[in-house]
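Trainee: Pasting the sequence and the predicted coordinates here, then a few questions.
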Amino acid sequence: LGGTVTATARPDQTRTPDLAPAAGTTATASPIVAASPTAASRTPSPSATAAPSSTPGPTVTVGPRVPRIGIVAGHWWLSEDGKQSLDVGAVCDEGTASQLTEVEINLDVAQRVFFGLHVAGYDTDLLQEWDERLDYYQADVLVSIHADACLYPEASGFKVARVADSQVPEIEDRLVDCLIENYQSRTGLAFHSGSVTADMARYHTFYEIDPNTPGAIIEIGFMLADRRLLTQRPDLVAQGIIDGIVCFLEGEGITLEQGR
């Protein structure tokens, strides 16, 4: 997780987020099928009826609320002219023909996750690392996607963490558990419980979103030992994350193939 910014306090946050779509949220990744939102997981809105009158009007019923999901592509941050920020995260083989940056992995996977959830009917936002919409962001779940550096040739596996001083610890622990179980099952990578860093537990985005928005950060693998998986099977990586999110929103045991 290159250049992670940490925070030391989580202020009370009550403002309503900006719902305008971010630039660059059109995904071009191959289709991924996700479980559609089920009626059981949605919070039904109360029905509204016309005001009383001598001639009763038609009854208008508001449909069930669709869960909202935020997906952050780690280190992806575009300037006003559309150029990528100089902060590209970790870099492998810098200056060579095989150079690989963390941001290109993160964005590819994040776009696939966004696309899979969006076409399944979820209200999904693809967010930049320093997206203005993250300020007091309110959603049913937010997941930030990152990759680990190339510093240790033998290192392989993934990590998941939530904010250290959570205001909804039981909910966020369930999110973390769903991501760990489903990502491990889908990719076959080992979970590195002992190497979750303080930077992950105090990731800056956790302190920008509404404190009641369940959030997690996932390091999807090491860019050296797991390079083949991250670059050649990003669809599989994305499916593992989608499975974890669907598990959290819809219930344990629901995966891509099972659907509703």
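Mentor: Received the coordinates, thanks. Because the structure is predicted, anything quoted here is derived from the model rather than measured. Numbers count the residues shown, from 1 in each chain.

Trainee: just so I have it, where are all the strands in the stretch 51-200 of the chain?
Mentor: 59-60, 68-73, 91-92, 100-101, 123-127, 141-148, 159-161 (DSSP state E, counting those that start in this stretch).

Trainee: Flag the shaky bits of the stretch 51-200 of the chain, pLDDT-wise.
Mentor: 51-63 (pLDDT under 70).

Trainee: For it, just list every one of the helices.
Mentor: 102-119, 169-187, 198-201 (DSSP state H, counting those that start in this stretch).

Trainee: Go through those and name the closest to residue 221.
Mentor: helix 169-187 (7.6 Å; Cβ to Cβ). Glycine gets a C-beta too; all of them are placed from N, C-alpha and C.

Trainee: re earlier: tell me which of the helices of the stretch 51-200 of the chain sits nearest to residue 233.
Mentor: Closest among those, once you apply Cβ to Cβ, is helix 169-187, at 8.1 Å.

Trainee: Show me the contact partners of that closest one.
Mentor: Helix 169-187 is touched from outside by 141, 143, 158, 160-163, 166, 189-191, 214-216, 218, 220-221, 229, 236-237, 239-241, 243-245, 247-248, 252, 255, with contacts defined as Cβ atoms under 8 Å, 6 or more residues apart in numbering.

Trainee: Would you mind listing which of these are buried?
Mentor: Using 16 or more other Cβ atoms under 10 Å as the burial test, those include 141, 143, 158, 160-163, 166, 189, 191, 214-216, 218, 220-221, 229, 236-237, 239-241, 243-245, 247-248, 255 as buried.

Trainee: how many neighbours does residue 67 have?
Mentor: 23 (other Cβ atoms under 10 Å).

Trainee: Assess the claim that it and residue 117 are in contact.
Mentor: No: counting by Cβ atoms under 8 Å, residue 67 stays clear of residue 117, with 9.2 Å between them.

Trainee: thinking again about what came up before, dump the strands of the stretch 51-200 of the chain into TSV; add distance to residue 108 as well.
Mentor: Formatted as TSV, the strands of the stretch 51-200 of the chain follow (distance: least, Cβ to Cβ, whole Å):
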stretch	distance to residue 108
strand 59-60	43
strand 68-73	9
strand 91-92	15
strand 100-101	11
strand 123-127	12
strand 141-148	10
strand 159-161	19
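
Trainee: Those: which one's closest to residue 80?
Mentor: Of the strands of the stretch 51-200 of the chain, the one closest to residue 80 (Cβ to Cβ) turns out to be strand 123-127, at 17.2 Å.

Trainee: quick one: that closest one to strand 68-73, angle?
Mentor: Calculated by axes from the mean of the first three to the mean of the last three Cα atoms, to 10 degrees, strand 123-127 forms an angle of 20 degrees with strand 68-73.

Trainee: so what does strand 123-127 touch, helix or strand wise?
Mentor: With contacts defined as 3 or more Cβ pairs under 8 Å, 6 or more residues apart in numbering; DSSP states H and E, strand 123-127 has these neighbours: strand 68-73, helix 102-119.
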